[in-house]
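Enquirer: The sequence and its predicted three-dimensional model are supplied below.
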Amino acid sequence: MEILNNKLKKSYLAKALLIYNYFIENTYSNFEEKKMSLNSFLSLKKEIQGNKLPFILAKKNEKIIGLAFVNKFRNKSGYKYTYEHSIYVDPKMLNKGYGSKILKELILNCKKNKKIKNLIAVIGGSNNLSSIKIHKKNGFKLIGTIKKAGYKKNKWIDSVYMQKIL
């Protein structure tokens, strides 16, 4: 598996967007309800990288198999050292260890950034055991659950919060 983080090809980003949109459409792990357009996704990447924050893609055998990025946790100035991250793995590649490898690379990228002192995982669904497991494996601690934080597809969803202090 190779990690890409600079000069990401538009074709790679389009493949990453397919993964991202899969989780919007088919799971409760992403609280968005409508698929993201390629232009919106490119804008998101540009904004994240413009803020000198990590946005990475994972590639295996010329195929994009995952993505991860960091963004502001909250827009209030007191949160300036705390960031939320997102990580998504191609559904065909789940349960093969790639999520943990991508998260490990994201953490390494974050440690190089002096602004990032805290990473927060906001995990959609208290039954999202795979995500909770890879975060624990990578040093995240459970800090709480917000019951019925989101509502999607006629269902209430919990948010599990995990934190890693860098």
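Expert: Received it, and whenever you're ready, just let me know what you need.

Enquirer: From now on I want contacts and neighbour counts done on CA atoms only, so please keep to that.
Expert: OK.

Enquirer: Flag the shaky bits of this structure, pLDDT-wise.
Expert: For the chain, applying pLDDT under 70 flags no range at all.

Enquirer: how about the helices in it?
Expert: Shown for the chain, the helices assigned by DSSP state H span residues 10-26, 38-50, 98-111, 129-137.

Enquirer: Dump those helices to TSV, plus distance to Ile146 and mean neighbour count.
Expert: What follows is the helices of the chain, written out as TSV (distance: least, CA to CA, whole Å; neighbours: other CA atoms under 10 Å):
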stretch	distance to Ile146	mean neighbour count
helix 10-26	20	18
helix 38-50	26	14
helix 98-111	23	19
helix 129-137	15	17
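
Enquirer: TSV please, covering these and showing distance to Asn118.
Expert: Output for these, formatted as TSV (distance: least, CA to CA, whole Å):
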stretch	distance to Asn118
helix 10-26	24
helix 38-50	17
helix 98-111	9
helix 129-137	14
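
Enquirer: and Tyr151, which of those helices is closest to it?
Expert: Nearest to Tyr151 among the helices of the chain is helix 10-26; the distance by CA to CA comes to 12.8 Å.

Enquirer: which other residues reach the closest one?
Expert: By CA atoms under 8 Å, 6 or more residues apart in numbering, the surrounding residues in contact with helix 10-26 are 29-36, 38, 41-42, 57, 64-67, 88-91.

Enquirer: Now do that helix against helix 38-50, angle only.
Expert: Here helix 10-26 runs at an angle of 110 degrees relative to helix 38-50 (axes from the mean of the first three to the mean of the last three CA atoms, to 10 degrees).

Enquirer: quick one, what contacts the residue most central in space within the chain?
Expert: Centroid check for the chain by CA atoms, centre = their mean gives Ser86 as the closest residue, at 1.2 Å. Ser86 is in contact with Ala68, Phe69, Val70, Ala121, counting by CA under 8 Å, 6+ apart.

Enquirer: Okay, and the beta partners of it?
Expert: Applying DSSP bridges to Ser86 gives these bridge partners: Phe69.

Enquirer: Against Lys155, how distant is it?
Expert: 22 Å (CA to CA, to the nearest Å).

Enquirer: cool, and Asn30?
Expert: Distance from Asn30 to Lys155, by CA to CA: 13 Å.

Enquirer: Compare neighbour counts for these two and give me the winner.
Expert: Legend: neighbour count by other CA atoms under 10 Å for Asn30 and Lys155, higher for Asn30 (21 against 9).

Enquirer: I'd guessed that one sits against Gly125; true?
Expert: No - using CA atoms under 8 Å, Asn30 makes no contact with Gly125, being 9.3 Å away.
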